[in-house]
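need a 3D model of the following:
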Amino acid sequence: MSGWPLIVVMCIGQVGNLLPHVALSANLAQHLMPAWGLSAAEGGLMASGYAFGYMLAVPVLTTLTDRIDARIVLLCGSIVSGLATLAFGIFADGFWSGTIIWSLAGLGFAGAYMPGLKALTDRLPAGDTSRAVTLYTSSFSLGVGLSFLVAQVLADRWGWRTAFYVTGAGPIAMVIACLLIDARRPVPKAGRLLNFTPVFGNREALGYILGYGAHCFELYGIRTWLVGFWTFVVAHQSAPSWLTPVLMSFCFAVISMPASILGNEAALKFGRHRAITIVMIASACVALVIGLNATAPSWVLALLLLVYGLTVPADSGALTAGMSAAAMSEHRGATLALHSTIGFGLSALGAWGTGVALDVAGGPQSASGWLLVFIVLAIGIAMGPLALLWARRRTQRVA
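The predicted structure is shown next:
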């Protein structure tokens, strides 16, 4: 299998792998925090366990794809992710058990996301990778949107444990995809497995990796607290009955897919660094506007969140495609590993840091709390253009 059939199969598989992705965040503010008596900082830390588990495992699992077929890593990671999500529904009964099990789910996803990208790019000609990478990364948004939708609807009707039982079956789609695609053995490599020295020497790739970290900080922060924020809006601004947290979180996630694709097309047309920088600055500005208007009418906040849903992911595909293009072919697995390690490490910081900010400034029922959350998100994404500028100057100096 190759070409567009391969891309379609891998994107469908990834959507299945992402069905558990925000099952915890979708139910954090409305179900888990009240049931277990958690503070916002504790809730954010539990949600960040997913990214933390991912961060610990991804250097080994993604770098391993330089030595064995990425399809094998992808298959094993998908199975672990699904089983851990199911285990959360069965066994989680508080902060510690929830954090540990959710970290295992993130560890499984570490074998599913970037190894999946490696499995895809290894089977495509070099000229076909930019749009394929963007489609793969943008399908992330569709999967997250379905995760928000399914997890909340099931939890509201049959309890939050049911949400984890059902979403835990999603990775079966990627298991099937792995069985459909052809085997592909990479060229054998010698030396240490975790050798990031060549990646740190690649300034162009490193700039995209650090920019991706800023993107992930903002993305995971808002995904962790989006349902909680809209629950605050519904409680204080009398939103229409149909404008529920379920609808808002689903729309916010799904519009990310075309936003990521269009962002990459803009990068190809106007220059990658320029397009990414403009998107990041715009996203920081929108975050500040939302925070400063947390008590505005619900329809105003709904429109602002939809705009934010466009700016937050618009740099994702361009950043990952830029990193992939800048990576040396013999070190692509290590480059992807560092990309994900930094990205999801800062994702964990984003989820926990915004939770701490929420507690410090008054909690989930306080407008000042949400103001500080969006200030933190704006500061985080504003670091991205600085990383790109640093990389460009270092690259020009070396040249």
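
all contacts plus neighbour counts: C-alpha atoms, from now on.
Fine.

got the buried residues for stretch 153-168?
Across stretch 153-168, burial judged by 16 or more other Cα atoms under 10 Å covers 153-155, 160-168.

would you map the helices across the stretch 151-300 of the chain?
Counting by DSSP state H, counting those that start in this stretch, the stretch 151-300 of the chain has helices at residues 160-167, 172-180, 197-200, 203-237, 245-254, 256-270, 272-292, 298-311.

comparing the ones you listed, which comes out most buried?
helix 203-237 (a mean of 24; mean count of other Cα atoms under 10 Å).

how far does that one sit from the chain's center?
9 Å (Cα atoms, centre = their mean, to the nearest Å).

for that helix, name the packing helices and strands.
The contact analysis (3 or more Cα pairs under 8 Å, 6 or more residues apart in numbering; DSSP states H and E) places helix 203-237 against helix 23-27, helix 197-200, helix 245-254, helix 298-311, helix 316-326, helix 332-360, helix 367-398.

next SSE after the first one?
Same thing as helix 23-27. Reading on from helix 23-27 to the C-terminus, the next helix or strand found by DSSP states H and E is helix 33-36.

what residues of that following helix count as buried?
Applying 16+ other Cα under 10 Å to helix 33-36 flags M33 as buried.

now tabulate the helices and strands packed on helix 203-237 in TSV and tack on mean pLDDT and distance to Q237.
Converted to TSV, the helices and strands packed on helix 203-237 look like this (pLDDT from 0 to 100; distance: least, Cα to Cα, whole Å):
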stretch	mean pLDDT	distance to Q237
helix 23-27	94	21
helix 197-200	82	49
helix 245-254	89	13
helix 298-311	95	6
helix 316-326	84	32
helix 332-360	89	19
helix 367-398	87	11
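
out of those, which is closest to D66?
Closest to D66 of the helices and strands packed on helix 203-237 is helix 332-360 (Cα to Cα; 5.2 Å).

got the angle for the closest one vs helix 367-398?
150 degrees (axes from the mean of the first three to the mean of the last three Cα atoms, to 10 degrees).

elements contacting helix 332-360?
Going by 3+ Cα pairs under 8 Å, 6+ apart, helix 332-360 lies up against helix 40-63, helix 114-121, helix 197-200, helix 203-237, helix 316-326, helix 367-398.

do that again at 10 Å, thanks
Helices and strands touching helix 332-360, by 3 or more Cα pairs under 10 Å, 6 or more residues apart in numbering; DSSP states H and E, are helix 40-63, helix 95-110, helix 114-121, helix 197-200, helix 203-237, helix 316-326, helix 367-398.

what comes up buried for it?
332-359.

how far off centre is it?
9 Å.

relative to helix 316-326, how tilted is it?
Using the same axes, to 10 degrees: helix 332-360 against helix 316-326 is 150 degrees.

helix 332-360 relative to helix 203-237, how many degrees between them?
Using the same axes, to 10 degrees: helix 332-360 against helix 203-237 is 30 degrees.

which one of the helices of the stretch 151-300 of the chain lies closest to A326?
helix 203-237 (5.1 Å).

the closest one vs helix 272-292, what angle?
Using the same axes, to 10 degrees: helix 203-237 against helix 272-292 is 20 degrees.

related to what we said a few turns ago, any chance of the helices and strands packed on helix 332-360 in JSON lines, plus distance to I172?
Listed next are those as JSON lines, based on distance: least, Cα to Cα, whole Å:
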{"stretch": "helix 40-63", "distance to I172": "19"}
{"stretch": "helix 95-110", "distance to I172": "13"}
{"stretch": "helix 114-121", "distance to I172": "14"}
{"stretch": "helix 197-200", "distance to I172": "33"}
{"stretch": "helix 203-237", "distance to I172": "24"}
{"stretch": "helix 316-326", "distance to I172": "25"}
{"stretch": "helix 367-398", "distance to I172": "34"}
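
nearest to P297, of these?
helix 203-237 (5.9 Å).

returning to what we had before: of the helices and strands packed on helix 332-360, which approaches S298 most closely?
helix 203-237 (5.7 Å).

give me the neighbour count for A29.
Neighbours of A29 under the rule other Cα atoms under 10 Å: 25.

looks like G362 contacts A41 (just checking).
No. In this structure G362 lies outside contact range of A41 using Cα atoms under 10 Å: 11.9 Å.

the more surrounded of these two?
The neighbour comparison of G362 against A41 (other Cα under 10 Å) goes to A41, with 20 against 14.

quick one, what contacts that one?
Counting by Cα atoms under 10 Å, 6 or more residues apart in numbering, A41 makes contact with 47, 351-360, 363.

which two from the residues you listed end up farthest apart in space?
A47 and V360 (18.2 Å).
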